[in-house]
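# predicted model and sequence below, questions to follow.
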2 protein chains.
Amino acid sequence: MEKDSEQMAETTNQQERDMESDSLHQPLLKRNLTALSSSPLALVGAKVSYIESLDYEINENDLFKHDWRSRSQAQVLQYIFLKWLLAFLVGLLTGLIATLINLAVENIAGYKLLAVVQYIDNKRYMMGFFYMTGVNFLLTLVATVLCVFFAPTAAGPGIPEIKAYLNGVDTPNMYGATTMFVKIVGSIGAVAAGLDLGKEGPLVHIGACIASLLGQGGPDDYRIKWRWIRYFNNDRDRRDIITCGASSGVCAAFRAPVGGVLFALEEVATWWRSALLWRTFFSTAVVVVVLRAFMEYCKDGACGLFGQGGLIMFDVSGVPVRYHVADLIPVTVIGIIGGVLGSLYNYLLHKVLRLYNLINAKGKLAKISLSLAVSLFTSACLYGLPFLASCTPCDPSLVDSECPSTGRMGNFKQFNCPKGHYNDLATLLLTTNDDAVRNIFSTNTPSEYRVFSLVIFFILYCILGLFTFGIAVPSGLFLPIILMGSAYGRLLGMAMGPYASIDQGLYAVLGAASLMAGSMRMTVSLCVIFLELTNNLLLLPITMLVLLISKSVGDCFNPSIYEIILELKGLPFLEAHPEPWMRNITVGELADVKPPVVTLSGIETVGRIVDVLRNTTHNGFAVVDSVGQVSEVHGLVLRAHLLLVLKKKWFLQERRRTEEWEVREKFTWVDVAERWGTIEEVAVTKEEMEMYVDLHPLTNTTPYTVVETMSVAKALVQFRQVGLRHMLVLPKYHGHGVPPVVGILTRQDLRAHNILSAFPHLEKSHASKKGS
Amino acid sequence: MEKDSEQMAETTNQQERDMESDSLHQPLLKRNLTALSSSPLALVGAKVSYIESLDYEINENDLFKHDWRSRSQAQVLQYIFLKWLLAFLVGLLTGLIATLINLAVENIAGYKLLAVVQYIDNKRYMMGFFYMTGVNFLLTLVATVLCVFFAPTAAGPGIPEIKAYLNGVDTPNMYGATTMFVKIVGSIGAVAAGLDLGKEGPLVHIGACIASLLGQGGPDDYRIKWRWIRYFNNDRDRRDIITCGASSGVCAAFRAPVGGVLFALEEVATWWRSALLWRTFFSTAVVVVVLRAFMEYCKDGACGLFGQGGLIMFDVSGVPVRYHVADLIPVTVIGIIGGVLGSLYNYLLHKVLRLYNLINAKGKLAKISLSLAVSLFTSACLYGLPFLASCTPCDPSLVDSECPSTGRMGNFKQFNCPKGHYNDLATLLLTTNDDAVRNIFSTNTPSEYRVFSLVIFFILYCILGLFTFGIAVPSGLFLPIILMGSAYGRLLGMAMGPYASIDQGLYAVLGAASLMAGSMRMTVSLCVIFLELTNNLLLLPITMLVLLISKSVGDCFNPSIYEIILELKGLPFLEAHPEPWMRNITVGELADVKPPVVTLSGIETVGRIVDVLRNTTHNGFAVVDSVGQVSEVHGLVLRAHLLLVLKKKWFLQERRRTEEWEVREKFTWVDVAERWGTIEEVAVTKEEMEMYVDLHPLTNTTPYTVVETMSVAKALVQFRQVGLRHMLVLPKYHGHGVPPVVGILTRQDLRAHNILSAFPHLEKSHASKKGS
């Protein structure tokens, strides 16, 4: 085998922390040789980040094997106990933080709205306007400043990044303590400011942060160094814990334990197994118990303005649901319109987000200004629009205290109306978003809202829904879509009123469900979440039907909103299914267009290792041993482990194989699980450069391999199913002079987009096929 | 490379249809060489069957590639449309058959019970006994004779076999039209006969049969030969359709659409993806619509004795559920006891099933006698035991028509009591099982049942539950466990009565849930099924808790009941997780203890192919090409395709490579998808034996491979995740004389039990570890 230290570049996609030093080595890297060298950059939090792949493969090196053999039964039991303890803690903390957020939002927004109502009662309309706008402005300012200066990754919902993480893409700074803190405070600020966004998405992200922090034993700089927590310091266990966290977050957001588990299963997770189903279920059960205890405690007014059952958003359990075969028609109509509107929303939001990315790229001030502008616009609309609506006289059958309602809650806001009248638009706009949904879902109130008010509400929330999501505050997508959907559902219900037997409030529920399915394209999990939200099982069959129809319709137009955001953020998500044209190309062809693979000898000089680490950006290197004439692959060694060797200076004077005890003396499996910084942090003296390193004990001797004739489609299935980071491509012919490894494929190499840019003819055949 | 036609045996596990001819070739097969050669036999339906592995890998040979390339966009759309149409039809037919079964059972059992009540009213007790016993005897006779003579695979629930099928093990005669017919009629007979078994498990099997028959275009002998149905003639699509069928079956059994999907996901399926979630959901939605329409139709008594809402088994939606933190204690107690009882049930059932296997092995008469004996015993107990219970005076607050109830239904059976009194044990025993569950779940009836009656009921159903399951009739496990569990739950509720605020009926529900979790070890799906059954969301948190506790407790003792049955039936189920000791052994070592791999040349003589097919039992052969000195693996050819070549006599006069059009002229991809009988059916003349076959176009050129140094643990992960049938083991060293393939591993080779019998020292290290 020829080793050519001049040509030591393959294309991977990770940790290019020092782009400039790379560009100096341009000839070495031969980046122009390959069209597969897509950049490992992603726009996360509207800032370019360097992303890294995760490693779910078990690294079977000598240390691992020894550690595994020496693990006692007691340690195994300890590990299992800790796994469950972590799942419990994730649920507990997520529940507590969700409680905190709910309390804070309800109280801040509540006192704000009470004051505004006071001003309006006194006819001091301008003061009311300035007060409301001012408070909202300040709250938004807090949220956006925190996001922009301390944790850009806290902006947005965070669900796409979690989805990417569980697919094997690590976005940096996503699960830190700062991010979590900013997400919590920012979410309270943004939601209390009355912006058109929810706390649901952020709660999912917070759950994942809690899980990640617990799993690694605390924030990055203050980690608990307990031995036991180190058990979880690997990508596989972190993946499981973060799945638990995401489920707990959804559960906390909607008080939907089964829905939370299914959401994680259907939308977020890439790999799944029964054991995980069972553990996430445990976490969400804990969340529900915490939330229920909290609501029990707050029932008697011990929590300020947090009303009774503030968390049960849209309980319609008391409503008798009756429907017949004839009701299938309106249900179908809702489904179709929901699908069309949902995909239209995806399309428009995509455009707006691209525009916002341009604005956000202009700097921190631009980001903050954008957020504040949206806040001002929102406040002005929420306060001003109700003046357009005319007053409605109260239904005489209602008691005085019910209509007009005077406090913060209530379904019939008096606003600017005379006594005995209410302003239906104020009922919908001058509340928190949660209460707005509750009001619009309210049943047995067929004549409460006028068509005019609902149309205004719908149009307003369409505009806000499009222009609020991209600003630099923590923001969920669920609630904006529910608001839009419920308005159009209720409008549709009013239009069909005489022909259908379903209540208008239920129409609103179905409208919300249809728009969510049309935009997010989930089915089972959404169905269960709605079931648990509305607390009415009789709704299940029609909800299922609506969801099925809107998802099918939406799928005709564009991908789901999360996929669009993933694409926008540039996260290299691996899809479950290979594209059909991937059968026409082999992994050998892919490996050919990449620069030759970098190989290391089993016993390598320190100088060459430093050289390779400095001049390439790869995270895995093939280790090749030469036995006489024949060379054979020993395995794959990770960059992190090479750095570990250099940092710990485990050098040999002569070229020899080490004994097992030597490596065990120097390294523990805890060291091996860490990520060890960059090559720039390593100082090696000139003499040391001449010394040797025995790579054998640190090499993963059993990497997953494919033969070069394997089609990319089948290789992709293996890559994703087994959860790989590097896949070795072996030659088919083992003649003289044929290298034992022809390439190493990574996530980026197998992405459809990257392959097509290297092999444009595939796209052509693909397109001509589509045309035919 | 050396080819040694004397040593052409590896150990696979399929299609040993002719065991005697094998034993003649004993020296050839060298079966004694290997300890891995476990038998491909399984006890299914208490009869030894030859089982076959399924092939979920895409067979990338020339024909496939050409077919794939030539498929137009229209055909792709047609395929997608058909997939959905099949999902729809599966749901529709499962719903209709479930309706039919319910109608038949309710009417047959209903008229039987009415007549018995008539006899008792007239004090003709002996006549009543003979009538009931006689009718039950006849019904059981029909069920068992059908099962024994026409479809032995129809006995039992069928769920373990479906689980094995979706794991990749094909049990013969499992999904035929006869099996389905026997299952339907047998299930009606067995359930109407009052045996302690449910229609739930059989419905799942029926759903799978419907799916399989639709997917292959009809019964084996009368298949529709439409071109389009051939699209689904492959193991991958059949797997998906059967998953749909199993979900629909669960849905039809419990009217639980989401529960059905989750049951398939959690308990039955091995591979899963989001697209399937969505398709099974569609099927179950259709089932629910069918069932609802049917119930709507039957509401006014148009269906004979099928009462209103006969399918809603245990609707407790009207019950206000209230519980506090203090209620956690009884809930925990229920969970723990449920776990212990559940695992005890598993243990005892295992013993009973082993005993029954011995009896059933004695012949058809023994089987039938066993069933009839159980039927007689059941009838005698159901009729006789109520005489032990004393009469209870009716609660005066109840109206006359309610207590004592006179007809078939009702919660207060008069039986042998004077007017104004009822017999509580007769209420529970002299009904269908469904009604018994409904009665025992009934709420707000704290003093209805005496402890004595419930104890008798519990003991009786423990005995029946153990001794009924193994008889040769279609039998589900759900209902027996629910019956036992509800009795012990209600008893517990009565014991805790003064201390807890939960209703006794809810205790019964929780008891049933705990026993199911303790025996079947499902969590999320069971939770959702119970949610949908009881129609009360407020029960969700405590149900979750109970399920979690009982599953945990049960897992401490033994595996789930389905795993026990799989083991008993000898089905080679591949577990998701490798055993820890599998890291200590490589696939190379496994391949070493097997006889040398059988290889064919790319262009092979007909004689050698016939020879190999006759003398081995393998279903896959490595195809190796020699290029000068070096030999290389071309791929893997399936036995079915070799048989196809022999049957179609695609022979060449000279040793040459064929052109692509030649093979396309002779074969279509439809031929390739079929299974082509046995070698005994092939007649080849002496001259033809000298001719050649070009195997290249029929060879799967991209089989999944592992290097011989791969640990079995990691190889198993790949094998299961990618869904393989054959896994090629490549050598690590490619020196002169090293064969290009060192082995082919199959499902049996990777099973823990088989490896341990070949490498006993692994077990020792494993055991010593456990002891430490």
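Arrived safely.

# in chain A, which residue is most central in space?
Geometric centre of chain A, nearest residue: A:Ile159, 2.2 Å, by Cα atoms, centre = their mean.

# got the contact list for A:Ile242?
With contact taken as Cβ atoms under 8 Å, 6 or more residues apart in numbering or on different chains, A:Ile242 is in contact with A:162, A:165-166, A:175, A:208, A:211-212, A:215. Placement of C-beta: from N, CA and C, glycine included.

# SS state for A:Ala622?
Three-state assignment for A:Ala622 (DSSP: H, G, I helix; E, B strand; the rest coil): strand.

# shouldn't it be in contact with A:Leu730?
No. Checked against Cβ atoms under 8 Å, the pair A:Ala622 and A:Leu730 is beyond contact range at 10.3 Å.

# who has more neighbours out of the two?
A:Ala622 (26 against 23; other Cβ atoms under 10 Å in any protein chain shown).

# per-residue pLDDT, the more buried one?
Here, the pLDDT recorded for A:Ala622 equals 92.

# kindly report the same for A:Phe232.
pLDDT, A:Phe232: 77.

# I'd guessed it sits against A:Ile241; true?
Yes. In this structure, A:Phe232 is within contact of A:Ile241 by Cβ under 8 Å, at 6.7 Å.

# and A:Thr701, how far from A:Gly602?
Distance of A:Thr701 to A:Gly602, given as Cβ to Cβ, to the nearest Å: 11 Å.

# could you do A:Leu113 as well?
Per Cβ to Cβ, A:Leu113 is found 71 Å from A:Gly602.

# who's more crowded, A:Phe232 and A:Ile241?
Set side by side, A:Phe232 and A:Ile241 show more neighbours around A:Ile241, with 26 against 21, by other Cβ under 10 Å.

# so what's the more buried one up against?
A:Ile241 makes contacts with A:86-87, A:90, A:211-212, A:214-215, A:232, as judged by Cβ under 8 Å, 6+ apart.

# okay, buried residues for the helix or strand hosting it please.
Counting by DSSP states H and E, the element that carries A:Ile241 is helix A:235-254. Using 16 or more other Cβ atoms under 10 Å in any protein chain shown as the test for burial, helix A:235-254 gives A:235, A:237-254.

# quick one, grab the pLDDT at the residue of the stretch 101-250 of chain A found nearest chain B.
The nearest approach of the stretch 101-250 of chain A to chain B comes at A:Ser247, 10.7 Å away (Cβ to the nearest Cβ). Model confidence at A:Ser247, expressed as pLDDT, equals 95.

# tell me the contacts of it?
A:207, A:260-261, A:263-264, A:280-281, A:283-284.

# one step back: can you flag which of the contacts of A:Ile242 belong to helices?
A:162, A:165-166, A:208, A:211-212, A:215 (DSSP state H).

# please list the residues of the stretch 551-700 of chain A that sit near chain B.
A:551, A:576-577, A:580, A:583-584, A:627, A:630, A:632-633 (Cβ under 8 Å from any Cβ of the partner chain).

# please check those and keep the buried ones.
Here, 16+ other Cβ under 10 Å leaves A:551, A:583-584, A:630, A:632-633 buried among those.

# from these, which two are the most distant?
Maximum pairwise distance among those (Cβ to Cβ): 55.6 Å, between A:Lys551 and A:Val630.

# circling back: top of the contacts of A:Ser247 by number of neighbours, please.
In terms of neighbours by other Cβ under 10 Å, the contacts of A:Ser247 top out with A:Gly207 at 37 neighbours.

# how close does the nearest residue to that one once chain neighbours are set aside sit to A:Leu515?
Spatial nearest neighbour of A:Gly207, excluding adjacent residues (Cβ to Cβ, 6 or more residues apart in numbering or on different chains): A:Gly249 at 2.9 Å. Counting by Cβ to Cβ, the gap from A:Gly249 to A:Leu515 is 22 Å.

# same question, A:Ser72
For A:Ser72, the distance to A:Leu515 - Cβ to Cβ - is 55 Å.

# which of these two has more neighbours?
Legend: neighbour count by other Cβ under 10 Å for A:Ser72 and A:Leu515, higher for A:Leu515 (32 against 10).

# which SSE is that one in?
For A:Leu515, the host element (DSSP H and E) is helix A:504-520.

# send over that helix as PDB, restricted to the C-alpha atoms.
This file holds the C-alpha atoms of helix A:504-520, laid out as PDB (Å, rounded to 0.1, in the frame of the first residue of the first chain):
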ATOM      1  CA  GLN A 504     -69.100  25.600  16.600                       C
ATOM      2  CA  GLY A 505     -66.600  25.200  19.300                       C
ATOM      3  CA  LEU A 506     -65.800  21.700  18.000                       C
ATOM      4  CA  TYR A 507     -65.500  23.200  14.500                       C
ATOM      5  CA  ALA A 508     -62.800  25.400  16.000                       C
ATOM      6  CA  VAL A 509     -61.000  22.400  17.500                       C
ATOM      7  CA  LEU A 510     -61.100  20.600  14.200                       C
ATOM      8  CA  GLY A 511     -59.900  23.700  12.300                       C
ATOM      9  CA  ALA A 512     -56.900  23.900  14.600                       C
ATOM     10  CA  ALA A 513     -56.200  20.300  14.200                       C
ATOM     11  CA  SER A 514     -56.400  20.400  10.400                       C
ATOM     12  CA  LEU A 515     -54.100  23.400  10.200                       C
ATOM     13  CA  MET A 516     -51.500  21.700  12.400                       C
ATOM     14  CA  ALA A 517     -51.600  18.600  10.400                       C
ATOM     15  CA  GLY A 518     -51.400  20.600   7.200                       C
ATOM     16  CA  SER A 519     -48.300  22.400   8.400                       C
ATOM     17  CA  MET A 520     -46.500  20.000  10.700                       C
END
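
# and it, what does it pack onto?
helix A:328-360, helix A:433-441, helix A:478-496, helix A:524-534, helix A:540-555, helix A:561-569 (3 or more Cβ pairs under 8 Å, 6 or more residues apart in numbering or on different chains; DSSP states H and E).

# for the buried ones among the residues of the stretch 551-700 of chain A next to chain B, which one is nearest A:Arg656?
Scanning these for proximity to A:Arg656, where the rule is Cβ to Cβ, the winner is A:Glu632, at 18.9 Å.

# wait, a strand at that closest one?
Yes. Counting by three-state DSSP, A:Glu632 falls inside a strand.

# what backbone torsions are found at the residue nearest to the centre of chain A?
Backbone torsions for A:Ile159, taken as degrees, to the nearest 10, come to phi -60, psi -40.

# that one contacts A:Val268, correct?
Yes. Counting by Cβ under 8 Å, A:Val268 is a contact partner of A:Ile159 at 6.9 Å.

# quick check: neighbours shared by those two?
Taking Cβ under 8 Å, 6+ apart as the contact rule, A:Ile159 and A:Val268 both touch A:204, A:246.

# where does the prediction get shaky in the stretch 251-400 of chain A?
A:307-325, A:399-400 (pLDDT under 70).

# please parse chain A into its domains.
What automatic domain parsing lists as the domains of chain A is A:19-66+A:576-771, A:67-298, A:325-385+A:432-569.

# quick one: the closest residue to A:Leu353 other than its chain neighbours and chain B, what's the gap?
Distances taken as Cβ to Cβ, 6+ apart put A:Gly470 closest to A:Leu353, at 4.9 Å, once the chain neighbours are dropped. Using Cβ to the nearest Cβ, to the nearest Å, A:Gly470 is found at 27 Å from chain B.

# before we move on, what about A:Leu538?
8 Å.

# over to A:Gln653?
29 Å.

# right, and that residue touches A:Met691 too?
Yes. When contacts are counted by Cβ under 8 Å, A:Gln653 is listed as touching A:Met691 (6.3 Å).

# out of these two, which sits in the busier spot?
Remark: of A:Gln653 and A:Met691, A:Met691 carries more neighbours, 18 against 8, as counted by other Cβ under 10 Å.

# looking at chain A, which helix or strand does the model trust least?
Using mean pLDDT, DSSP states H and E, the weakest-scoring helix or strand in chain A turns out to be helix A:26-29, at a mean of 32.

# which element is the nearest residue to A:Leu750 once chain neighbours are set aside on?
Distance criterion Cβ to Cβ, 6+ apart; nearest residue to A:Leu750, sequence neighbours excluded, is A:Leu716 at 5.0 Å. For A:Leu716, the host element (DSSP H and E) is helix A:712-722.
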